[in-house]
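A.B. asks: Take this sequence and fold it.
(4 chains)
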Amino acid sequence: MTNHLPIIAIQVLFLGAFISGLVGYKSNSLRKFVIFLATGTSLVLTLMLFKPVMMEGQIISYWMGNWVPVSDWAIGIGLEVDQLSLFFGLIVTVTVFLGAIYSFKYMSKDNGQDKYYVVFMMLAGSVLGFVFTGDLFNMYVMIEIMTFAAVGLTAFRNHKAESIEAAFKYLVVGSIGSSLILLGTVVMYAQFKTLNLAQITALLNNAQHTPVILFAFALMIGGYAVKAFIVPCHVVAPDAYAAAPSSVSMLFSGIVNKAGIYGMIRLVFVVFASMNLPSMQFLLVFLGTITMFIGVTMALAQSDFKRLLAFHSISQIGYVLTAIGLSTILGLTGGLYHALNHTLFKGLLFLCAGAVLYSTGTTDLNKLGGLAKKMPQTAGLFLVGAFAISGIPPFNGFVSKWLVYQGTFAKSMETNNPGYVFVTIVALIVSVMTLASFIKVTQSVFFGQLPKEFENAEEVPLSMRIPMWILAALCLVAGILPTAVIDYLIKPAVLAIKSAGNYVAVMMGQEYATKIYTEGIAIPKYDYAMAGWNPTSWLILFGVLLIAFALVALTGGFNPRHIVGAENNNAKFDVFFSGEAAEHSHVAGNDLFWGLKHNLKGYFHFMHDVHNGVVNDYALMVVSTTALVMLYLFLLVK
Amino acid sequence: MKKFMTFFSLTVILVTGLFVMKSMAVLPATYDGVAKILVDTTIERTRALNAVTAVVFDSRGYDTLGESFVLFTAISCSAAILRKGLKGR
Amino acid sequence: MNNILQFLFYILIFPGFAFCVVAGLLIAGIDRKLVARMQKRIGPPILQPTYDFLKLLGKETIIPRHAARKVYLAAPVVGLLSLVTVSLFIPIFNFSIFDKPVADLIVIIYLLTIPGVALIIGGSASGSPYAGVGISREMVAILSYELPLVIVLLTIGRKVGMALDGNITFSLKAIVDYQAQYGPMIAQWSMIPAAIALLLVIPCKVGSLPFDIAEAEIEICEGPLVEYSGPPLGIFKLNHAIKMFIMTSLFVTLFLSGAGTNFVALNVLIQFALAVVVTFISISVLKAITARLRVEQTFKFYWTYPTALALLSLVLVWLGL
Amino acid sequence: MDKNIKVKNVIVKTAADFFMPIALIFGLYVILHGHLSPGGGFQGGVIVAAAVVLVYLGYGHETTENVFNENLLKKSETFAAIMYAGFAFLGIFYGANFCRNVLADKMGAAGELFSSGTIFWMNFSVGFKVLTGIGFLSLIFFGLLKEKNNESK
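C.D. replies: So this is what the prediction gives:
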């Protein structure tokens, strides 16, 4: 029965799409019921895999149509769910479930909702199918569904011109990415005559790295870089994230670019495990570092809530890529942890942006202000998300960023390469800049003075707040219990990344694996423990302090009788205006950091010119990236 | 800059592509691997005379399922994008 | 039980809350006195900041009409808590409340950011446009000094790590042990640029002249604090004082720590005395002789000179000097 | 644009009348004989869907709108997708794996029309899905064309 779980989990999502399209044509509640049931079932089925895969270390292999390998050739399509796949699978199902619940109310103001849910579920199912599959061409098929569904959802609010524009850009650039992946797949097939990932891994292990393989590899790295929105292929992402409905932006940052990251990890560390890794490391770390830096500096310059979040999404993916690029145990741990955290806090932040949009109808930072009084829960949840993404303890971003810093710095000590210190410094600075841009959002959306037109803004409905609360709670849990998260989620996944031989053995049979790996399958060691810093004891400290000071505050430290509300019409409760009469004056977000921008104006002007919105240039950037990766691989990888 | 990048990337891809083509030409010409097994055993396994259909719908039926979902998604997306939006179009 | 009591003692009395408050207020008083003397004034009594703090606790708290009430009131307390937590992590010579090397430089970097963030969030929650200007300046200030600070801390980590086991260390305890063995860090000439860089970072971190751009009284009426009154304002003032002590004490631990004596009380006194000296060098003198910089000048300053100094140190350490 | 589409052009109309049955019969043939002769669901489906285009060319927009029901086509496509997934699920119901051709031995010998098990049925559902899907897509595009013509007039 366990064997059937992955395929049922995937197909339930697809069937949910079809059935909601069929029966939910007229009835709203029936459609919602179907969607809820499908996403919930998928989540439960994936969770049922948790015990056998993560805890007992099983790897599930499943041959479609019982086409088991014949004379050592994998003729059918196989699903292979190892710990890495399940790690991403859990991310996908949880995100989809919460996103679906959020959509119920959030989308209620749009028409054509039946179409929305169909495409939504296709997106969900395709990403789950992508991470569970063990077949190179099947990966392409799923990424194709994903791209089309993402384009459709980007343009869903088609009464806005920017949605259509963003979808067009995404379609062009995304299709180039898909084509690169397809071409890579085709070339791989020409070389190896098989499409099964495990078998390709095995064949690569003993093969020379011929130009054909390098060519295919470069194409696929380029393609997945587009899917993961890695600089300089990121240019379409901000438009798409900003134009899509927020529940979809959450999916974009939570699962769509995770699919790209998963593809990269699977290719670089499992399929091409026999490659000369140090040279790949440099490429990945380099790409990751510029990704996080450019992402965050662009975010500082934005004046739209969702665009800003989109650039942060890019920046955080840079962290993930940098960390996994180190390819040490520590680095991979940090990278996967950050991937998980990114899903949690960025999902939360996008949902908060959606809540603001739902209540006020705009996400322009220059128009908003003072919403904390009207939407206290959203403001609080936003602060949780903002602190988490900025890496303020005790939230989850702190733990994973800490792992990233430690990983990069340890790597520099190990290899005696000063370049990695530079990466550590950039990572730390990027973290502060992240904080800066969230301060800007906090100031210009939730605090300050409330503009007249939003006097009637209300807190969003409960069904929108529940997913936000769940995500916030998960953020806190992942920050407080890092050892548990690492033991149960990250560690198995990291070990799975490191044991390509095991991956082959499960899928193609032990005999085959022993034929290929004549020296025996190496069993990786997980030698990292969260030593040095024990966050639980730290949290106890913080808690004790909190209680102590709460007591102080209660026993008259703040003297509650003196705290008078602003209800009475006394002039002393007005904001200080140097003695002038009070008037509406809100410091909005547009130019909050001019001191920074003024000093770096050369850089910002250059970035402004690069993000010019011309699709031809964007396509050129993708192609150039692929060409450069290709050049790099051909010249530097031995 | 743009012009340079265009020519540069096209040159790189063209040159490496030609190089790869050349090295592909020396790969063994006979078809083997998965394809041979599939073609040899298609009829007793699937009872279908058309080997292509047999491959497409049986041994790689899951991919075809995915491909038909691609079509479905594309059509659903067109329906969603080209629908009458909130403020008319 | 005993353990818990011990921890409570640590948190509430000795390296924690009470000690921090006393030391911080004392250092603030000494600083004012020193500055006054340098400007040929008599200056307030050393206990003046204490009196100010106590007086503010008795005043009325006014919450402006536009303020987000809970955040407005919680912000100063959160800042204070994080400062007290930092003080628990900083070892005083060989005295540290953690047996194992628990304390961690990265934790400290982040925890030291929180008071600044608390100031920003609190000011932001007050809804005043002056505060809006103030927080933007404060954030740019954080962005400016964080770069040299980070490089300095990484340099120390590299230096100590290489000497101990060739691996990275972020542990303050390891740093203190290293200094107990090899003598103060400042004695190594490759670390002197880093020490100077950290000395330059301290005034901006505590927000004193010439880098008090966020709270510029004359231009923007104390920026984030403009709406605060009563106990919350008192706690912010206290935060400021404690921050002075924490930063100078951190400098002492990182650069001036040595073998120390066997008596904890004596060590604490030495630490405090050294902290006063560092305060004098990096805060009081600068405060007495300079005028306020503009925000973009501050940014430019920190990303050039202190960063260059810190990088110089890093390169020297990297070369094994 | 509207110059090229003369609704009452007799030649186009006759040609459409002539080719429509051929397209339908031939398309269905290609779908149903996918497992015996070249072709299959995808190809046959597109040929059948050409009928929609022929109706539009021959009879113009209004007739097309009257003859074909957009929603029905969309629903049929969804239904066909479910059908395909259902045939794939048959494998699990019969105790084998997903996509297993469990009916292969239960239906006629190789070469007969009803042979090759689920391949035939999957082929059929794909054909059905493609013909409804492409037909639906064509209808949407004709709708856009009409709007555009109205705007230009």
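A.B. asks: and the residue nearest the centre of chain C, how far is that from chain D?
C.D. replies: The C-alpha lying nearest the average C-alpha coordinate of chain C belongs to C:Met247 (C-alpha atoms, centre = their mean; 2.9 Å). Plainly put, C:Met247 is 63 Å away from chain D if you go by C-beta to the nearest C-beta, to the nearest Å. Backbone N, C-alpha and C define where each C-beta goes, glycine included.
A.B. asks: Look at that residue and report its pLDDT.
C.D. replies: Listed pLDDT for C:Met247 reads 87.
A.B. asks: Is it correct that it is in contact with C:Leu200?
C.D. replies: No: judged on C-beta atoms under 8 Å, C:Met247 makes no contact with C:Leu200 at a distance of 11.8 Å.
A.B. asks: ok so B:Leu49 is a helix residue?
C.D. replies: No: with DSSP: H, G, I helix; E, B strand; the rest coil as the criterion, B:Leu49 is located in coil rather than a helix.
A.B. asks: and the residue nearest to it when sequence neighbours are not counted, what are its phi and psi?
C.D. replies: Spatial nearest neighbour of B:Leu49, excluding adjacent residues (C-beta to C-beta, 6 or more residues apart in numbering or on different chains): D:Leu36 at 5.0 Å. With angles defined as degrees, to the nearest 10, D:Leu36 sits at phi -110, psi -40.
A.B. asks: mind listing what the residue nearest to the centre of chain C touches?
C.D. replies: Shown in contact with C:Met247 (C-beta atoms under 8 Å, 6 or more residues apart in numbering or on different chains): C:112, C:202, C:205-206.
A.B. asks: quick one: A:Gly520 and A:Thr514, what's the gap?
C.D. replies: 8 Å (C-beta to C-beta, to the nearest Å).
A.B. asks: Flag the shaky bits of the chain, pLDDT-wise.
C.D. replies: Just so you know, I chose chain A. Scanning chain A for pLDDT under 70 picks out A:276-277, A:528-574, A:576-585, A:588-590, A:637-638.
A.B. asks: That was the other one, I meant chain B.
C.D. replies: B:27-31, B:85-89.
A.B. asks: ranges for the helices of it?
C.D. replies: Along chain B, the stretches classed as helices by DSSP state H are B:2-25, B:34-46, B:51-54, B:61-81.
A.B. asks: between those, which gets nearest to chain A?
C.D. replies: helix B:61-81 (2.8 Å; C-beta to the nearest C-beta).
A.B. asks: how far is that closest one from where the chain is centred?
C.D. replies: Chain-centre distance of helix B:61-81: 14 Å, with C-alpha atoms, centre = their mean, to the nearest Å.
A.B. asks: for stretch D:35-54, same thing?
C.D. replies: For stretch D:35-54, the distance to the chain centre is 6 Å (C-alpha atoms, centre = their mean).
A.B. asks: Just the CA atoms of that stretch, as CSV, please.
C.D. replies: Output in CSV follows, covering the C-alpha atoms of stretch D:35-54 (Å, rounded to 0.1, in the frame of the first residue of the first chain):
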residue,chain,number,x,y,z
HIS,D,35,-3.0,1.0,-32.0
LEU,D,36,-3.1,-0.7,-35.4
SER,D,37,-2.0,1.9,-37.9
PRO,D,38,0.0,5.2,-37.8
GLY,D,39,-1.6,7.9,-35.8
GLY,D,40,-3.3,8.0,-32.5
GLY,D,41,-5.4,10.1,-30.2
PHE,D,42,-3.5,13.3,-30.5
GLN,D,43,-3.5,13.3,-34.3
GLY,D,44,-7.0,12.1,-34.8
GLY,D,45,-8.4,14.5,-32.2
VAL,D,46,-6.9,17.5,-34.0
ILE,D,47,-8.4,16.3,-37.3
VAL,D,48,-11.8,16.0,-35.8
ALA,D,49,-11.5,19.4,-34.2
ALA,D,50,-10.9,20.8,-37.7
ALA,D,51,-14.6,20.4,-38.2
VAL,D,52,-15.2,23.4,-35.9
VAL,D,53,-12.9,25.5,-38.0
LEU,D,54,-14.7,24.3,-41.2
